[in-house]
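S.K.: coords please:
(one chain, ligands or ions: 2)
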Amino acid sequence: MKVLMKVNNLCKNNILKDVSFSVDEGEMIAIMGPSGSGKSTLLYNVSGMDQADSGEVWLGDTEIVQLSEDDKARLRLTGMGFVFQQMNMLSNLNILDNILLPSVHADKSRAFHAKQKEKALQLMEQFGIRYLADRRITEVSGGQLQRACICRSMMLSPRILFADEPTGALNQTASEEVLRAFLRINAAGTTILMVTHDSRVAAKCQRILYILDGEIRGELTLGAYSEAEITNRQQKTADWLKMMGW
Ligand SMILES: Nc1ncnc2c1ncn2[C@@H]1O[C@H](COP(=O)(O)OP(=O)(O)O)[C@@H](O)[C@H]1O
Ligand SMILES: [Mg+2]
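M.R.: Residues are numbered from 1 along each chain as shown. Ligands and ions are numbered 1, 2, ... in the order given. Sure, this is the predicted structure:
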């Protein structure tokens, strides 16, 4: 397996204490741990949204901690995707235009816009929300909106997708739809690092990292997902989380 992201001895304000791990190309990893353990801080620091105190974060051949703010912003726009619990969509734009926003920032040419609009509609079709293109964000459900956020995050074909409790505010049915969207994206080759409180979500990931007090305390490797062994994976995950003190 080829390593896509390598994190070495990352420290931040005593919130992250010497965190090291690596992410293989094509993996989907769950990050779990109690509230306040540093999961969101970890995502902010490995994506360069926050400035780490020390340590290294490699994405391919690029070391992120040392980059200038401009270079980090550019890398986030073109190489990373983000899906958060709070969805950060603009209420004065319709769903399609929200999905197109990062593309507009990346390249303002008319030709690119036309191409991206086509891509947005294809992604929306894939995730069952194409018919909502013209709606305002207040006119769709939470699950539909989160799937729109997933479309937005995929518009510039990120090398890695970060998600922070993407199903945290959703009901069971909506969570399952959103999880299916992530699994589909991952099956198509996108690497995903996802913070979740839901052990059923984690059980579908290849690997789970458990964080406590800003340190990685445990790691469970489940391997490639297959629906056939879901009961077994859920049991294994539940047993392991219990052992970790979850
Ligand atoms: N900007 C900040 N300044 C100071 N402390 C912070 C900041 N953001 C988060 N924290 C603290 O860092 C710890 C980890 O927070 P966070 O990463 O949000 O945890 P989690 O996502 O696991 O719930 C918490 O104790 C929180 O209060
Ligand atoms: Mg958090």
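S.K.: all contacts plus neighbour counts: C-alpha atoms, from now on.
M.R.: Fine.
S.K.: Pull up the residues of this structure that are close to ligand 1.
M.R.: Within the chain, the positions near ligand 1 by CA under 6 Å from any ligand atom are 15, 35-41.
S.K.: all strands for this structure, in order.
M.R.: 3-12, 16-24, 28-32, 54-59, 62-63, 80-84, 160-164, 191-195, 207-212, 215-221 (DSSP state E).
S.K.: the helices in the protein, which residues?
M.R.: For the chain, the helices defined by DSSP state H cover 39-46, 69-79, 95-106, 110-126, 142-154, 172-187, 199-202, 230-244.
S.K.: In CSV: those, plus mean pLDDT and distance to residue 215.
M.R.: Output for the helices of the chain, formatted as CSV (pLDDT from 0 to 100; distance: least, CA to CA, whole Å):
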stretch, mean pLDDT, distance to residue 215
helix 39-46, 97, 10
helix 69-79, 96, 25
helix 95-106, 96, 33
helix 110-126, 98, 36
helix 142-154, 96, 28
helix 172-187, 95, 26
helix 199-202, 94, 19
helix 230-244, 97, 13
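S.K.: just to revisit the earlier point, if any of the residues of the chain next to ligand 1 are buried, give me the ChimeraX selection for them.
M.R.: With 16 or more other CA atoms under 10 Å as the criterion, this ChimeraX line picks the buried residues out of the residues of the chain next to ligand 1:
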select :15,37,38,39,40,41
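S.K.: Looking at the strands of the chain, which is nearest to residue 123?
M.R.: strand 80-84 (14.3 Å; CA to CA).
S.K.: Note down every partner strand of the closest one and its orientation.
M.R.: strand 160-164 (parallel) (DSSP bridges).
S.K.: Mind checking the pLDDT average for the partner strand?
M.R.: When pLDDT is averaged over strand 160-164, the result is 98.
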